[in-house]
Structures are given as structure tokens and as C-alpha cells.
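1. Model the following, please.
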Amino acid sequence: MNRIQGIHHITCMTANPQQNLDFYTKVLGQRFVKRTVNFDDPGTYHFYYGDNVGSPGTIMTFFPWAHIAKGRRGNGETLATSYAIRPESVDWWQKWLTEHEIEHTLETRFSEQVVVFADPEDMIIELVATTDSYVPAHWENGPIPAEHALQSFHSVTLGVHDATPTAALLTGSFGYELVGQENNRVRFKGAGEYAQYIDLLVRPGHARGRLGAGSVHHVAFRTVDDSEQLEYMQALRSAGHMATDVKDRQYFHSIYFREPNGTLFEVATDAPGFLYDEPVESLGAELKLPSWLEQHRPKIEEILPEIHLDSYA
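-> Presented below is the predicted three-dimensional model:
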């Protein structure tokens, strides 16, 4: 069984689909690569944003649940999602965020500059200036010049009461390596070439988070194929983690479990990917449904809120 290759995707929650769509495409410059539904709640959209082709390690997804209460950040969840940018792009991004009236701060972490800000629902986004980054398939029709565009994910930060059991999972079943510590932040690195860092922010006794608008629902990690995913499922179960059976998510296959501090983890396959049901030139242009929901398309389309795509394709 290979070591985990890094982050596959990150799934979040929003109460405002249009605002969410506008921010992640027009401000962050991510392509809207897939518009489908939550397979467990098909009256709800499932939005996918990423690079031009939806490469694993670039995908941020959202469930837009109308009228959902605002989330509360705390332990047992993802506190921040970080993208990699080039070091020479820090000034550009600070000016861009200022132009869009987005408050931000500049920090230094593990000798790298980090631009910190929040999306419209107060979910923390970070841009880590690093030479250790992956250049994805740039979305040429997007608003961000190629030289300053977001790269893959850099990392996620998890809030934990106790780092020990989560660290044991990461370094054991997942094959991550401990690579650094600054104050109460502990960093682990996966085996892949990009999107491979996990930070644990150790905060004993801190309140647990509450899921809602602006929360990260789960973090998905990459596995090569179905057979390797089954190996992970067995290894996780043997280690005492309650991994689910395999779920067919159309664009990847998934298993889920909660890490010891409470954050929901997923292990997802790279295949078949987002070109499975539409060509690269029209990704995100139409509502895509799995075969078992096609018979319900008229009802689903009637329930889903209207969104305006403008020139997102």
C-alpha cells in the first residue's frame, strides 16, 4: 500500500450559492469545473472549483444549503484551507484583495509568508508563498494572470485537543512524516509532490466547532485506485477507525471516517475524474446528474435555486 499522496479535495458549506460562485471564480480565479447535486440530498447543489481540468489537489467543493446557520470555528474541524502561491505573488495578491475590499493580514510561518483572509461567510483562506508548489492547468479565461494564479492546495489546519492520536493516524495508516513544529502548530508532510501538508493546531480545552455556513465539512485525501482504496479501508478498520464502505461519487470513489479529534476525513480515488461526463471546454456549464438520478431531473431542476454563470466556463 502506497503512502497517501496528499489532499484530493476539500468540501465546505455555504448558505448563498451565487455569492459563493462569484467569490471563488471572480476573486480567487478558480474554474467552476462541475455543477452537480449532493447525492445524499439531491435537492441541494454540489459545486466544484479547481484548475482548468479539475486536477486532484486543487478542488474545493461546496454544498449550498439555503438558510443554514453560520458555523463556528473550533476543535474537531478544519480551521483554515491554504493554497500555494509563488513567493513573487504576495504583493500582487495583497493589492488584489484590497481592490476587492477584502481585509487580510500577512504572517510568517515556517519561514514562509502567508496571506490570511476570509471568504464572504468567514471561512479562513490562506495563501502560502512557497517554492514547494505545483503548477496546475491554468484557467486561461479566469481573472488571475497565470504568473499569479493559485497553485494546488498547500495545506489544511486542523483544530485538535490532543495531537498525539491524530499524529499516530497520519504517520501510521497515512504514511505522513512529522516535518516541523512552531509553538502549538505541528506540521506533517505526505508522499505526493503537492497538496501534501497537514497542520495540527493544538488547543487543549478549546470549544468544539459547529458546522454551518463557512465551515469545512470534510477533507479528502488521494489514493491511486479502487484496489488501493480497499487496502486503506481495511487498514483503517484494523487500526480502530470506523471507515465506511465505498461510496460512488461519480467522479471518484470514497470512504469516510472521523479522525480521533473529530474531523471528518475521506479517502478518494483520482479516477475517473471530472472529464468523465463533459469535455474540458464546457466543464461546469450544465447540471450533471448520476444515472440513478436522471429520472428525477425535472423535479431536481425545479427545486434547485437559479444561478447565473456569466462567463465561468
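
2. From what I see, Arg249 and Phe39 are in contact.
-> Yes. In terms of CB atoms under 8 Å, Arg249 counts as a neighbour of Phe39; the distance is 6.7 Å. Quick note: C-beta positions are derived from backbone N, CA and C, even for glycine.

3. Need the pLDDT of the spatially closest residue to Gly142 that is not a sequence neighbour.
-> Of all residues beyond its chain neighbours, the one nearest Gly142 is Gly29 (4.4 Å), with distances taken as CB to CB, 6 or more residues apart in numbering. Looking at Gly29, its pLDDT is 97.

4. How about the one 3 residues further on?
-> As predicted, Phe32 sits at a pLDDT of 97.

5. From Glu140, how far out is it?
-> Remark: distance between Phe32 and Glu140 (CB to CB, to the nearest Å) = 14 Å.

6. cool, and Lys288?
-> Distance from Lys288 to Glu140, by CB to CB: 23 Å.

7. So for these two, which residue has more residues nearby?
-> Lys288 (20 against 9; other CB atoms under 10 Å).

8. so who does that one touch?
-> Contact analysis of Lys288 by CB atoms under 8 Å, 6 or more residues apart in numbering lists 34-36, 250, 277-278.

9. longest strand anywhere in this structure?
-> Secondary structure of the chain read by DSSP state E shows that its longest strand is strand 41-50.

10. can you give me the helices in the stretch 151-300 of the chain?
-> In the stretch 151-300 of the chain, helices defined by DSSP state H, counting those that start in this stretch lie at 163-171, 226-238, 297-303, listed in chain order.

11. and Gly76, which of those is closest to it?
-> With CB to CB as the measure, helix 163-171 is the member of the helices of the stretch 151-300 of the chain nearest Gly76 (10.3 Å).

12. other SSEs contacting that closest one?
-> Contacts defined by 3 or more CB pairs under 8 Å, 6 or more residues apart in numbering; DSSP states H and E place helix 163-171 against strand 177-182, strand 185-189, strand 197-202.

13. what helices or strands is the last one leaning on?
-> Judged by 3+ CB pairs under 8 Å, 6+ apart, strand 197-202 is in contact with strand 153-160, helix 163-171, strand 185-189.

14. Right, I'll call it a day here.
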